[in-house]
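Student: Provide a 3D model corresponding to the input given below.
(chains A and B)
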There are 2 protein chains.
Amino acid sequence: MANSALLSELQEAPSLFEAFLARFFHESAERYAYGPLFEPLYLDMTEFVGRRGKRIRPLLLLGAYRVFGGERTLSDNSLLKAALSLELLHAFILVHDDVIDRSERRRGLSTFHKLVEERMGKQDGAARVGENVAMVVGDMLFALALETLRAADFPAERRDAALAHFLRYITDTGAGEVSDILLGTRDIARVSEEEIARMYTLKTTRYTFEAPLVLGALLAGAGEDALSELSRLIEPVGLAFQIQNDLIEYQKFKGVNRLRQTDLLEGKKTLLLRAAYDQLGDLDRSFLQLCLSTRTSNDTSVSKIEQLIDKSGAVASQSARMNELFRLAETEVANSSLTPDQRAGFRELISQIWRQTQHTGAD
Amino acid sequence: MANSALLSELQEAPSLFEAFLARFFHESAERYAYGPLFEPLYLDMTEFVGRRGKRIRPLLLLGAYRVFGGERTLSDNSLLKAALSLELLHAFILVHDDVIDRSERRRGLSTFHKLVEERMGKQDGAARVGENVAMVVGDMLFALALETLRAADFPAERRDAALAHFLRYITDTGAGEVSDILLGTRDIARVSEEEIARMYTLKTTRYTFEAPLVLGALLAGAGEDALSELSRLIEPVGLAFQIQNDLIEYQKFKGVNRLRQTDLLEGKKTLLLRAAYDQLGDLDRSFLQLCLSTRTSNDTSVSKIEQLIDKSGAVASQSARMNELFRLAETEVANSSLTPDQRAGFRELISQIWRQTQHTGAD
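Tutor: Numbers count the residues shown, from 1 in each chain, chains lettered A, B, ... in the order given. Okay, the predicted model is just below:
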């Protein structure tokens, strides 16, 4: 379809999606009628998924569906179900991730485990109960994501292939999360740039960018060749978005609220941190390693890490790398086997996400 | 099929299943080739699932498939995949459950999170890393369970219905786990017998008994009527097995190793405990409540709880209730709409599990 028509159609997608999401949770309530013990948790699930995220995954799926010639309108229930399945997958991943990272805030409100903990008041072990319940509710959101995709009415072969891809992306994401946890236990000198980039791709690019594009195209009827072309093209784009996210997270809290520099405090290995390490002299490197190894929510050490990152010039070099990756992606798209309309559509979808996320990240 | 033929065929099922399982993990290694960071975890997954459990879920599925007229032999790869999907589901649930309960041992060896923790040596935060990794690996086993069922070659409609049921059982199990966690935070006086029984059904009966029977029958071609009859018939049986499990767990550690009475120490609400509370006098009740509320791994309070449970006569009354439930189930089966051969097969499958589990539980 022509680019301008695509654009004007996609403008309606967010409101269509939000309306569908609200209806979906309303209609699924009966399905979760497990009695009074579970009732407040279903409301929490509804509230949590309903929080206004950017919905980049569902919107990318809808966009890719149209770019690859899918004929249904964006208000089609089954198409919206497929889109929703990705937001539910995202919710499941966020709930578990927030337990892993012990995060307290998500989309401006309490994380899921904190919601549960808060409701318990001052009771003994409330924090642990919150984490345990969040783990199980995450599992239930995972099941719901799959149920929702399964319930989408598409030709059997396409839906089946979509399920297979979906499960594969979940496994990749899990491998990325495990890498993130394990790299977090190592000294920065023993984590290579390649390991971090690989972790980013597995942990985030796969389910955030590749899954929506591939599933959207697949449901529209694209063949295996087009799907692998999409997977190849999206990898540098995904990495560029992750670098952008590193920079946003770093700038957001720098000097303002150091105790929210949770990535640094948790020992996360980011490309920004690794670049800083690479670009510092020997003495500063040792100092950086020392500050990172204290692992306490200590304003002084976070402040020192910030000084070292700033001094290293890593912010500038990572910005440059991000731009380079976008340029690379552009060249790859131009030389790809996609049709001119598909290329234009692909570019348009990426720039739309860029506009949406450049100040606040991709959640 | 005739009962004796069924029996002799099922005798071969365990060795067929173990051989298939070993081959499956060997062949799936490539699929999990996420690099050196993930390699030891894949070996852990293989080892964990490979531990000799009783495999009652896969064996029940294979049995139900034959009882309901399925025509493939038990060595059929797709049938074995469907059976395996239930063992993978069980592994996922165990990994998460062990994190929730902070259990240290599973099938005579370390729980999954302990395996990971142990490999990290004395490193800071090793326990937390173990739990986090186990949570994610649990998610990956969940995905693998679904992939395995999806990859089983059955007529499209049956396989699709099997997936739908499977997901539904996972959600039920989650609701049961959440109930277990939340009931654990309440005083025993404020937890009713009905709530505990309902929790048992959701948390364990669904995926342990109902799922294998229903999926086996469904893949064999049974209609919706037979499937709901199976769901109805299995509920009292499942509850009886749970009561048996309470009694086994209690007797296993009584007086011998009180600090392994983890259910008691964790505040779990069991039917045995609730029966003890019901059957004690006022003074003993308050004493029981007090001991339960200390929540420390304290040999004296566990010993006192044991004395009170023994004094209450709950062990005898729960044994009687278990037998009553089995009798009830027998009557229901006799009056059911199943054919005589199906009834005989159902009975045979249940008594086989009974023989397997009566001393050591259903794991």
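
Student: Show residues contacting stretch A:146-158.
Tutor: A:24, A:77-79, A:81-82, A:84-85, A:88, A:159, A:162-163, A:166-167, A:218-219, A:221, B:146, B:156, B:160, B:163-164, B:167-168, B:171 (Cβ atoms under 8 Å, 6 or more residues apart in numbering or on different chains). (Glycine included, C-beta is placed from N, CA and C.)

Student: The nearest residue to residue A:34 once chain neighbours are set aside sits in which helix or strand?
Tutor: Spatially, and ignoring its direct neighbours in sequence, residue A:34 is nearest to residue B:175 (4.1 Å; Cβ to Cβ, 6 or more residues apart in numbering or on different chains). In the assignment (DSSP states H and E), residue B:175 maps to helix B:156-183.

Student: tell me which residues of that helix are tucked away?
Tutor: B:158-163, B:165-183 (16 or more other Cβ atoms under 10 Å in any protein chain shown).

Student: what's the spacing between that helix and its chain's center?
Tutor: Here the centre of helix B:156-183 is set off from its chain's centre by 13 Å, with Cα atoms, centre = their mean, to the nearest Å.

Student: quick one: contacts for the residue of chain A most remote from its centre?
Tutor: Computed with Cα atoms, centre = their mean, the maximum C-alpha offset from the centroid of chain A is found at residue A:283, amounting to 36.0 Å. Shown in contact with residue A:283 (Cβ under 8 Å, 6+ apart): no residues.

Student: what about whatever helix or strand it lives in, average pLDDT?
Tutor: Residue A:283 belongs to helix A:282-294 when assigned by DSSP H and E. Helix A:282-294 comes out with an average pLDDT of 91.

Student: Tell me the buried residues in it?
Tutor: A:284, A:285, A:287, A:288, A:291, A:292.

Student: any idea which of those residues is closest to chain B?
Tutor: Minimum distance to chain B across these is 12.4 Å, recorded for residue A:292 (Cβ to the nearest Cβ).

Student: you'd agree that closest one is up against residue A:189?
Tutor: No - if you go by Cβ atoms under 8 Å, residue A:292 and residue A:189 don't touch, sitting 10.1 Å apart.

Student: measure the residue farthest from the centre of chain A to residue A:289 for me?
Tutor: 11 Å (Cβ to Cβ, to the nearest Å).

Student: quick revisit: please tell me how far the residue farthest from the centre of chain A sits from chain B.
Tutor: According to Cβ to the nearest Cβ, to the nearest Å, residue A:283 stands 25 Å off from chain B.

Student: repeat for residue A:145
Tutor: Taking Cβ to the nearest Cβ, one finds residue A:145 at 10 Å from chain B.

Student: host element of that residue?
Tutor: Counting by DSSP H and E, residue A:145 is part of helix A:126-150.

Student: List the buried residues in that helix.
Tutor: For helix A:126-150, by 16+ other Cβ under 10 Å, it's A:126, A:129-150.

Student: do stretch A:321-341 as well
Tutor: A:321, A:322, A:325, A:326, A:329, A:332, A:333, A:336, A:338.

Student: Next step: the residues you listed restricted to helices.
Tutor: A:321, A:322, A:325, A:326, A:329, A:332, A:333 (DSSP state H).

Student: Check whether the second one really touches residue A:240, as I assumed.
Tutor: So the one you mean is residue A:322. Yes - using Cβ under 8 Å, residue A:322 is in contact with residue A:240, at 4.8 Å.

Student: wait, doesn't residue A:343 sit right on residue A:334?
Tutor: Yes - if you go by Cβ under 8 Å, residue A:343 and residue A:334 touch, sitting 7.1 Å apart.

Student: ok, back up a step: taking helix B:126-150 as reference, get the angle to the helix holding residue A:145.
Tutor: 20 degrees (axes from the mean of the first three to the mean of the last three Cα atoms, to 10 degrees).

Student: I'd like the distance from helix A:126-150 to the chain centre, please.
Tutor: On Cα atoms, centre = their mean, the centre of helix A:126-150 falls 17 Å from the chain's centre.

Student: shaky segments in the stretch 151-300 of chain A?
Tutor: Scanning the stretch 151-300 of chain A for pLDDT under 70 picks out the ranges A:255, A:258-261, A:295-297.

Student: State the number of residues packed around the nearest residue to residue A:294 once chain neighbours are set aside.
Tutor: In space, and not counting its chain neighbours, residue A:294 is closest to residue A:301: 5.1 Å by Cβ to Cβ, 6+ apart. When neighbours are defined as other Cβ atoms under 10 Å in any protein chain shown, residue A:301 has 19 of them.

Student: helix/strand/coil for residue A:301?
Tutor: helix (DSSP: H, G, I helix; E, B strand; the rest coil).

Student: do you know how far it is from residue A:251?
Tutor: Distance from residue A:301 to residue A:251, by Cβ to Cβ: 19 Å.

Student: likewise residue A:354?
Tutor: On the measure of Cβ to Cβ, residue A:354 and residue A:251 end up 17 Å apart.

Student: tell me which parts of the stretch 101-250 of chain A are close to chain B?
Tutor: The stretch 101-250 of chain A comes close to chain B at residues A:120, A:123-125, A:129, A:132-133, A:135-140, A:142-144, A:146-147, A:150, A:156, A:160, A:163-164, A:167-168, A:170-171, A:174-175, A:177-179, A:181-185, A:195, A:198, A:202, as judged by Cβ under 8 Å from any Cβ of the partner chain.

Student: which ones are touching residue A:199?
Tutor: Counting by Cβ under 8 Å, 6+ apart, residue A:199 has contacts A:176, A:179, A:180, A:183, A:269.

Student: what about 6 Å?
Tutor: A:176, A:179, A:180 (Cβ atoms under 6 Å, 6 or more residues apart in numbering or on different chains).

Student: Then residue A:61?
Tutor: Contacts of residue A:61 by Cβ under 6 Å, 6+ apart are A:83, A:86, A:212, A:215, A:216.

Student: can you pick the most crowded of these?
Tutor: Busiest of the contacts of residue A:61 [other Cβ under 10 Å] is residue A:83, holding 32 neighbours.

Student: Wait, it touches residue A:64, no?
Tutor: No - using Cβ atoms under 6 Å, residue A:83 makes no contact with residue A:64, being 10.2 Å away.

Student: Nearest residue to residue A:90 in space, please, no chain neighbours.
Tutor: Using Cβ to Cβ, 6+ apart, the closest residue to residue A:90 is residue A:57 (5.7 Å).

Student: what about the one you found, distance to residue A:299?
Tutor: For residue A:57, the distance to residue A:299 - Cβ to Cβ - is 36 Å.

Student: Understood, closing this out.
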